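Student: After the sequence you'll find the predicted model.
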Amino acid sequence: MGSVGAKEVPELLNAEGRRIDGRRLDELRQIAMKVGPLTRADGSAFVEWGENKVMAAVYGPREVHPRHLMQTAKAIVQCRYNMAAFSVDERKRPGQDRRSQEISKVITEAFESVIFTEEFPKTSIDIYIEVLQANAGTRCAGLVAASLALADAGIPMADLVASVAVGKVAGRIALDLKKEEDNFGDADMPLALVPQSGRLVLIQMEGHMTQDELRQALDLGVKGCRDIYEKMRQALRSRYDVPAGSAAPEVAA
Amino acid sequence: MSEVVAAEIQTTHIIDLARSGHRLDGRGIDEWRPVKVEPGYIKSADGSALVHIGHTTVLCGVKLEIGKPFPDTPNAGVLTTNAELIALSSPTFEPGPPQPEAIELSRVVDRSIRAAETIDLTKLCVTPAEKCWTCFVDIHCLDHAGNLIDAAQLAALGALTHATMPAKRFGVGEHDFPLEVNHFPVECTFVRLGDKIVADPTFEEEAAGQGRLTVATDEARNVVAMQKGKIGAFSPDEVVETVERAFRHGDRLRSLARGT
C-alpha cells in the first residue's frame, strides 16, 4: 500500500512460490528473543525479528504520572511505542507522530485486555517500546518484546500476548511481511492473540481482501501467533533456566 | 469512587440486557439508529456533509487547494484527514493538542478512504513534482452520542462524493468540475457486550463495551480496513461474523452517502 508514484514493483513471488527473501507463504522470518537485557528496568526484552530490532522495558506498578490519570479501582497501563530517528531509511523526525500515537494506543488496549490491573489500584504500569531498526512488522515485534518484558517484570497477566502480521502478496495470503512485501503488497493485517483463550486483542487491517481471503488470513495469523508464543515461552524458560519440557505453571482462568 | 460505582452498575445493566437480546434504547442487537446524511451543508467548503447517527452529529468539510506533491510521490496529489474532538461535543473532551482518541479516529477514517482508493491521487497531480491538488478532509465532531468512527467516516465519504474542484479559484482551469470518486468505502463499528456483539454502539454502550471492532467494506465486496479498539478481545470466528454483518449494513450506508 502507499505505492502511489512508486517506481518499480519487485517480483514478490517467484514461479516456485518463494518470496523475495526465499520464504514460503506460511513461513516466519528468523526470530531471536532475549529476556532481561536491561539492568535498571523492572522487566525488559530485546527482539530481533528479520531485520527488525526492538527493545522493550516495563516499569511498575509505580506511582502514576501525571497524577490525574490515576484510577481508584485499578492500575493504568501506559504504553509508548517510539521509533528511533535512525531506524528507517530516511531519517524520521524524533518524537511521537500520529502513527506512533495510534500504535501506542492499540498496544496499550491489547495489554489492558490481559493484565490483572485490578490487583494494583492507583498505580501505573509503564511500557516503553523502542524500535531501533525497522523492516515492517515493528508493532508486532514491539508487542512480543513488551509481552516478554511484562512477564520479566512479574506483572500478573492472563497469558502472554503473541503477535504477527499477515497480508496479501502478489494475490496470495502470506505470513509475516517484510518491507518490500508491505510496500508493494495488496493488504496488511497485524494481529495479536491471547493463545489460551484463542481471542484476538489487536486487529488492524488495510488493503483489499475478500471474505474468503480474510478467513484464510485469520487462520494463518493465529497459527503464526501460536508459533511465536512457543518461541516466547522458550525465551522465558532460558532466562530463568527452566529446562524445556518441565511443566509450565498453570494460569488461573 | 461513587462515579466508578455508578458506571459499574450501568455497565452491568447494559451487559445483562444484551445477554437477553435487549438494549437500553430498545434497539435490536443488529439494529442501527436512524442515519441521516445532509450533503452540501457548508457553503464555504468545496464539499461537505453533516451526518447524524441517532444523536451523534458529525460535520465534515473538504477543502481543495493547490500545493506541492510530496518528494517521494511526485506524480500524486495529497490527501490529509484530520478529526477534531472539539470540547463542545462532550464533557470528556478538552481543548488542546489532539488526544490519542482523535488521532485514532482520523487515522481509521483516513485508512478506509486511502485503502479503498476512493480518490485516484494521480489525477490530483497538475505538474509532476511541482503542482498538485491537496485535498483536506476536516472532521468536526459536534455531538458525541457514540459511534463517532462511523459517523465521521460517512461524513467524509459524503463530503468527498459531493465535492467540487475549485479550478477557477486557483487559476488552473476555466471551469470548476466535480471531484472524481471511484470507490465508496463505509465503516461499520460493533462493540462486545458480554457474549453479544452489538452494531452502532451508543456512548454508554461504548463505555460498557469489552472491545470494539470496526470493519470497512467497499462496493466491490472487499474488506479494505479494520481496527480493533478498546480493552477486550474477539475470536477469529467472531471477526468473520462481524465482517459479514458489516457487508450487510454497508450497502445501505453507502447509498445514503452517495445520495442514490
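Tutor: In hand now; what should we look at?
Student: can you give me the strands for the stretch 101-250 of chain A?
Tutor: Counting by DSSP state E, counting those that start in this stretch, the segments of the stretch 101-250 of chain A that form strands are A:124-133, A:162-169, A:172-175, A:187-194, A:199-209.
Student: can you check the stretch 151-260 of chain B too?
Tutor: Taking DSSP E, counting those that start in this stretch to define them, one finds strands in the stretch 151-260 of chain B at B:164-165, B:177-178, B:186-193, B:196-199, B:212-217, B:223-229.
Student: Spell out which parts of chain A neighbour chain B.
Tutor: Residues of chain A lying near chain B by CB under 8 Å from any CB of the partner chain: A:1-2, A:4-5, A:71-73, A:98-99, A:101-102, A:104-106, A:109, A:112-113, A:189, A:194, A:197-211, A:214-215, A:218-219, A:222. Just so you know, the C-beta spots here come from the backbone N, C-alpha and C atoms, and that holds for glycine as well.
Student: in the stretch 51-200 of chain B, which ranges drop under the pLDDT threshold?
Tutor: The stretch 51-200 of chain B contains no residues with pLDDT under 70.
Student: ah, wrong one, I meant chain A
Tutor: Applying pLDDT under 70 to chain A picks out residues A:1-7, A:242-253.
Student: orientation of the lengthiest helix in it relative to strand B:212-217 in degrees?
Tutor: As assigned by DSSP state H, the longest helix anywhere in chain A is helix A:211-239. Put simply, helix A:211-239 runs at 140 degrees to strand B:212-217, going by axes from the mean of the first three to the mean of the last three CA atoms, to 10 degrees.
Student: residues of helix A:211-239 that come out buried?
Tutor: Neighbour counts over helix A:211-239 (16 or more other CB atoms under 10 Å in any protein chain shown) mark A:213-218, A:220-222, A:224-225, A:227-229, A:231-233, A:235-237, A:239 as buried.
Student: So which other helices or strands are in contact with that helix?
Tutor: strand A:31-35, helix A:138-152, strand A:162-169, strand A:172-175, strand A:187-194, strand A:199-209, helix B:236-258 (3 or more CB pairs under 8 Å, 6 or more residues apart in numbering or on different chains; DSSP states H and E).
Student: related to what we said a few turns ago, now the buried members of the residues of chain A next to chain B.
Tutor: So, by 16+ other CB under 10 Å, the buried ones in the residues of chain A next to chain B are A:1, A:4-5, A:98, A:101-102, A:104-106, A:109, A:112-113, A:189, A:194, A:199-209, A:214-215, A:218, A:222.
Student: does the closest residue to B:H140 other than its chain neighbours have beta-bridge partners, and which?
Tutor: Counting by CB to CB, 6 or more residues apart in numbering or on different chains, B:H140 lies nearest to B:L59, which is 4.7 Å off, once chain neighbours are set aside. B:L59 has these beta-bridge partners by DSSP bridges: B:L50, B:H140.
Student: and B:L59, what is it in contact with?
Tutor: Shown in contact with B:L59 (CB atoms under 8 Å, 6 or more residues apart in numbering or on different chains): B:41-42, B:48-51, B:139-140, B:142, B:155.
Student: give me the element whatever residue of the stretch 1-150 of chain B ends up closest to chain A is part of.
Tutor: Taking CB to the nearest CB as the measure, the stretch 1-150 of chain B has B:T73 as its residue closest to chain A, at 3.6 Å. Using DSSP states H and E, B:T73 falls within no helix or strand.
Student: Count residues in the vicinity of it, would you?
Tutor: Residues lying near B:T73 (other CB atoms under 10 Å in any protein chain shown) number 20.
Student: just to revisit the earlier point, quick one: the longest helix of chain A to strand A:31-35, angle?
Tutor: 40 degrees.
Student: Just checking the distance from helix A:211-239 to the centre of its chain.
Tutor: Counting by CA atoms, centre = their mean, to the nearest Å, helix A:211-239 is centred 11 Å from the centre of its parent chain.
Student: Also stretch B:44-56?
Tutor: For stretch B:44-56, the distance to the chain centre is 11 Å (CA atoms, centre = their mean).
Student: hang on, the earlier thing: which of the contacts of B:L59 tops the neighbour count?
Tutor: Counting neighbours by other CB under 10 Å, B:A155 comes out on top of the contacts of B:L59 with 33 neighbours.
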